[in-house]
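> Structure, please.
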Amino acid sequence: MKWMREIARWLLAATLLSAGLAAQAAPQADYVLGVGDLIRVAVYQNPDLTLETRINEGGTISYPLLGSVKIGGLSVVAAEKKIADGLREGNYLKQPQVTILLLAVKANQVSVLGLVNKPGRYPLEAGTSKLSEVLAAAGGTVAGSASDIVVISGLRNGKAFRKEIDFPKVFASIGTVDDIPLENGDAIWVDRAPQIYIYG
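Next up is the predicted model:
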């Protein structure tokens, strides 16, 4: 009886682990590939078709047997399918199983500036990272000095975009503000908190 409980516990742990790994893999599948991204392409049981490369300015890679393949602007899943289709249609492999691993994100990035603990450029790995996620990656705002107002600027539908967000209200239970998704090229600015001087 004891061994049955141990097996049940092991199966539950394995299920939870696989669910966790699937949850981690899901965002990469949705990620839209772009110029500068470093990827590894692998084909199951065909190690000679493994390629580690960077997507060039034209959004293409040079892949064995297929030559130039345009994958910029495609999701990881769509790019895997495009390469697999090329290998199948060219009669190189009957049922190619292509996997693309994102090694370094260079295409989809946002800038975080001002009074944050780690200013710099941060990748949008899932393609739709929220403001709170990017500020967390930047170490949060500087306590006691940073303003509550966060300014986001960039482009939406080809037009200039600027939005001020009262960041603490993103997490407030009443009168909440949307934790908006960021897009490639956005800039986040955290200003200094206003100071009041009293004389006399």
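> Could you pull out the buried residues of the longest strand anywhere in the chain?
Across the chain, the longest stretch assigned as strand under DSSP state E is strand 146-156. Going by neighbour count (16 or more other Cβ atoms under 10 Å), the buried part of strand 146-156 is 146-147, 150-152, 154. Quick note: C-beta positions are derived from backbone N, CA and C, even for glycine.
> Repeat that for stretch 86-104.
Buried, per 16+ other Cβ under 10 Å, within stretch 86-104: 86-87, 93, 96, 98, 100, 102.
> for the spatially closest residue to A79 that is not a sequence neighbour, what are its contacts?
In space, and not counting its chain neighbours, A79 is closest to I71: 4.0 Å by Cβ to Cβ, 6 or more residues apart in numbering. Neighbouring residues of I71 by Cβ atoms under 8 Å, 6 or more residues apart in numbering: 33, 55, 59-61, 79, 82-83.
> In strands, which of these fall?
With strands defined by DSSP E, the entries of those inside them are 60-61.
> If any of the contacts of I71 are buried, put those into a PyMOL selection.
Selecting only the buried entries of these in PyMOL, with 16+ other Cβ under 10 Å as the criterion:
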select buried, resi 33+55+59+60+61+79+82+83
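> Just the terminal-to-terminal distance for stretch 129-144.
26 Å (Cα to Cα, to the nearest Å).
> for stretch 139-154, what is the average pLDDT?
Average pLDDT, stretch 139-154: 91.
> ok, L135 touching G114?
No. Judged on Cβ atoms under 8 Å, L135 makes no contact with G114 at a distance of 10.8 Å.
> overlap in contacts of the two?
Joint contacts of L135 and G114 (Cβ under 8 Å, 6+ apart) are 188, 190.
> where exactly do the strands run in this structure?
With DSSP E as the criterion, the chain has strands spanning 38-43, 51-54, 60-63, 67-70, 98-104, 109-114, 120-123, 146-156, 159-166, 187-192.
> Take these and write them to JSON lines, including distance to T176.
Shown next, in JSON lines, are the strands of the chain (distance: least, Cβ to Cβ, whole Å):
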{"stretch": "strand 38-43", "distance to T176": "38"}
{"stretch": "strand 51-54", "distance to T176": "41"}
{"stretch": "strand 60-63", "distance to T176": "43"}
{"stretch": "strand 67-70", "distance to T176": "41"}
{"stretch": "strand 98-104", "distance to T176": "32"}
{"stretch": "strand 109-114", "distance to T176": "22"}
{"stretch": "strand 120-123", "distance to T176": "24"}
{"stretch": "strand 146-156", "distance to T176": "14"}
{"stretch": "strand 159-166", "distance to T176": "10"}
{"stretch": "strand 187-192", "distance to T176": "19"}
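> Nice, that's everything, thank you.
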